[in-house]
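Asker: predicted coordinates and the sequence they were generated for:
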Amino acid sequence: MGDQDQKQDKQKIKTTRLIILILSALLLFGNNYSFDNPQALQSQIMEEVHISLTEFNYLYSFFSFPNILLTLIGGYLIDRIVGSRKSIIIFASLVTVSQTIIAFGGKYHSFHLMLFGRVFLGVSSENLIISQNVIITAWFKGHQLSTASGCIVTLPEIAAALNSYFSPMIYDYTGSITYPLFTSVFVCIFSLLCAILLLFFDKSRDSILQQEQQEKSSISGNDESHDTLNDSQQITQNTLHTERARLQEIREFPALYWYLTAICSLCLGIYISFMDDVSDYYQKKFQFKPVEAGKFITIPYIFSALLCPFIGYYIDKVGHRRFFLMITSFLFIIAQILFGSVHVASNEKWIAAIPLIIQGLAFTCYSCVMIPCVQYIVDQKYMGTAFGILGMFESIALCFFPIIAGKIVEFADDPQIGYKNMSLFYSILGLISLFLCITLYHYESSNKLDFIDPNNPLPEEIRKLNEYSMITEEKCSISEEK
């Protein structure tokens, strides 16, 4: 009967983890749909609101600008004051309010109101992602975290694809940007309901994680040295989790974290900033119609949505994250070179899908490799702060890259040449990212910091303590035998 109860408990834990995973993904469904709303309606917004390409890119730069500092503050508040559960409800609600403001800005053709809404959405969105990452790390660290990270990307990417596909169609049917913008509001309300359900299920987190820790201790109960080791590990982890995160402890983050922060910021900046303008890019460079461009834009979103769970699972099994970091940067470079060099004839438009497929594969690797690396090398008690710092640097990239790209296109006499130069700009950023990946590869190898091992996800200091405890136990047992 006891074994039967234990099996039922394990099944219950697996079911709870699955529900947490699904709800966490749906939590960002409305967020991603709203974020990419302007991209899907780029030419329509520019025409109705009477703005230039650079002004259009302000919708994305203003989204990211306040997060240069506010994500760091938000991550600190999530760690120390508010907590990940309450913050999810708060920021999911603010995302809904922000998109409502943007929709009214579009309805009344008020560019400044749309900008205000995007600023508000940026602050809410980035802190919502931080809260979600904290919860996912707590539930899945040591339980196929890369697989979970890959699955988390799937539904939000589908949301982005649906936005790219349906928003231009809704505009064509209604003849106004108002209706596709308000459609996004209803999607955000759906995600807010998912946030409430996530809060309910996440309340069981502490008891479940404690139960798993006790089971691990009981399994090794027949071996005295292992029992002592697990007790030591549990005490150490409890101590680490109960300590309050402090901003001054940022200096304790390993050098690998700062390498990864720079690489993540460059890669995400390339992907997001380019996708911001991809609709107009395909219309001007490849002579696509708006609805036709919208259908092609869904390719990287669908591609990454389908591949993320499988690539995340594969990386959990084989490791080699340092190698995949270099592959990710290399794929971004190849995609941008193809964007700039490919010429598409009217009867060969399928060729325009090739760089989008590579772009989607690159973002898949980013989601399944780079983000889990950050989660493995930073303690859980600092996770909100760590993602806050990462969000800060990513926001710097996402704030300035679109403005620079817009200026590059507008300075050119021909839009096709301008977009080719824009791809060259992103290729150079990809080369910088690849250089940092190569540097990180050799740095990690020479210092033997094994943060990529999915079977040993404990922080470095706990790992060292375990090794010390094992050596101490062996010495004690030898002394007793003598």
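Answerer: All right, it came through fine.
Asker: CA atoms for contacts and neighbours, from now on please.
Answerer: Will do.
Asker: what residue is smack in the middle of the protein?
Answerer: Ser367 (6.0 Å; CA atoms, centre = their mean).
Asker: tell me how far Phe65 lies from Cys399.
Answerer: Per CA to CA, to the nearest Å, Phe65 is found 5 Å from Cys399.
Asker: more neighbours, the two?
Answerer: The neighbour count for Phe65 versus Cys399, taken as other CA atoms under 10 Å, is higher for Cys399 (25 against 21).
Asker: isn't the more buried one up against Phe62?
Answerer: Yes: between Cys399 and Phe62 there is a contact at 6.8 Å, judged by CA atoms under 8 Å.
Asker: the bottom helix or strand of this structure by mean pLDDT?
Answerer: Taking mean pLDDT, DSSP states H and E as the measure, the chain has helix 224-242 as its least confident helix or strand, at a mean of 39.
Asker: any idea how far the lengthiest helix in the chain is from the chain center?
Answerer: In the chain, with assignment by DSSP state H, the single longest helix is helix 415-447. Mean-position distance between helix 415-447 and its chain equals 19 Å (CA atoms, centre = their mean, to the nearest Å).
Asker: elements contacting that helix?
Answerer: helix 255-285, helix 321-341, helix 383-411 (3 or more CA pairs under 8 Å, 6 or more residues apart in numbering; DSSP states H and E).
Asker: now that helix: average pLDDT?
Answerer: Averaging pLDDT along helix 415-447 gives 85.
Asker: give the contact list for Val344.
Answerer: Residues in contact with Val344, defined by CA atoms under 8 Å, 6 or more residues apart in numbering, are Phe286, Ile351, Ala352.
Asker: now, among the residues you listed, which is nearest to Asp202?
Answerer: Of all those, Asp202 sits closest to Ala352, with 43.4 Å by CA to CA.
Asker: which residue packs closest to the closest one, ignoring adjacent ones?
Answerer: Leaving out its chain neighbours, the residue that sits closest to Ala352 by CA to CA, 6 or more residues apart in numbering is Val344, at 6.6 Å.
Asker: what about the nearest residue to Ile351 once chain neighbours are set aside, which SS state?
Answerer: Excluding the flanking residues, the one nearest Ile351 by CA to CA, 6+ apart is Val344, at 6.5 Å. When classified by DSSP: H, G, I helix; E, B strand; the rest coil, Val344 comes out as coil.
Asker: tell me the confidence at Val344?
Answerer: 79.
Asker: from His442, how far out is it?
Answerer: 40 Å.
Asker: do Phe116 as well
Answerer: 44 Å.
Asker: same drill for the two, tell me which one is more crowded.
Answerer: The neighbour comparison of Phe116 against His442 (other CA under 10 Å) goes to Phe116, with 18 against 12.
Asker: is the more buried one part of a helix or strand, or is it coil?
Answerer: helix.
Asker: about what we covered before: quick one: which of the helices and strands packed on helix 415-447 is nearest Asp202?
Answerer: helix 383-411 (16.7 Å).
Asker: now the angle from the closest one to helix 255-285?
Answerer: Orientation note: helix 383-411 sits at an angle of 30 degrees relative to helix 255-285 (axes from the mean of the first three to the mean of the last three CA atoms, to 10 degrees).
Asker: report the distance from helix 383-411 to the chain centre.
Answerer: 14 Å.
Asker: from Ser265, how far out is the nearest residue to Leu268 once chain neighbours are set aside?
Answerer: Nearest residue to Leu268, sequence neighbours excluded (CA to CA, 6+ apart): Glu394, at 7.0 Å. Distance of Glu394 to Ser265, given as CA to CA: 4 Å.
Asker: neighbour count: the two, which is higher?
Answerer: Between Glu394 and Ser265, Glu394 has the larger neighbour count (other CA under 10 Å), namely 23 against 20.
Asker: so who does the more buried one touch?
Answerer: By CA under 8 Å, 6+ apart, the contact set of Glu394 is Ile68, Cys264, Ser265, Leu266, Leu268, Gly269.
Asker: how about the residues you listed in JSON lines, adding pLDDT and distance to Gly388?
Answerer: Shown next, in JSON lines, are the contacts of Glu394 (pLDDT from 0 to 100; distance: CA to CA, whole Å):
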{"residue": "Ile68", "pLDDT": "80", "distance to Gly388": "9"}
{"residue": "Cys264", "pLDDT": "91", "distance to Gly388": "13"}
{"residue": "Ser265", "pLDDT": "93", "distance to Gly388": "12"}
{"residue": "Leu266", "pLDDT": "94", "distance to Gly388": "16"}
{"residue": "Leu268", "pLDDT": "91", "distance to Gly388": "15"}
{"residue": "Gly269", "pLDDT": "92", "distance to Gly388": "16"}
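Asker: quick check: of the residues you listed, which lies closest to Phe140?
Answerer: Once CA to CA is applied, the member of the contacts of Glu394 that ends up nearest Phe140 is Cys264, at 21.1 Å.
Asker: which ones are touching the nearest residue to that closest one once chain neighbours are set aside?
Answerer: Distance criterion CA to CA, 6+ apart; nearest residue to Cys264, sequence neighbours excluded, is Met370 at 6.6 Å. Listed by CA under 8 Å, 6+ apart, the contact set of Met370 reads Leu260, Cys264, Leu325.
Asker: brilliant, that's me finished.
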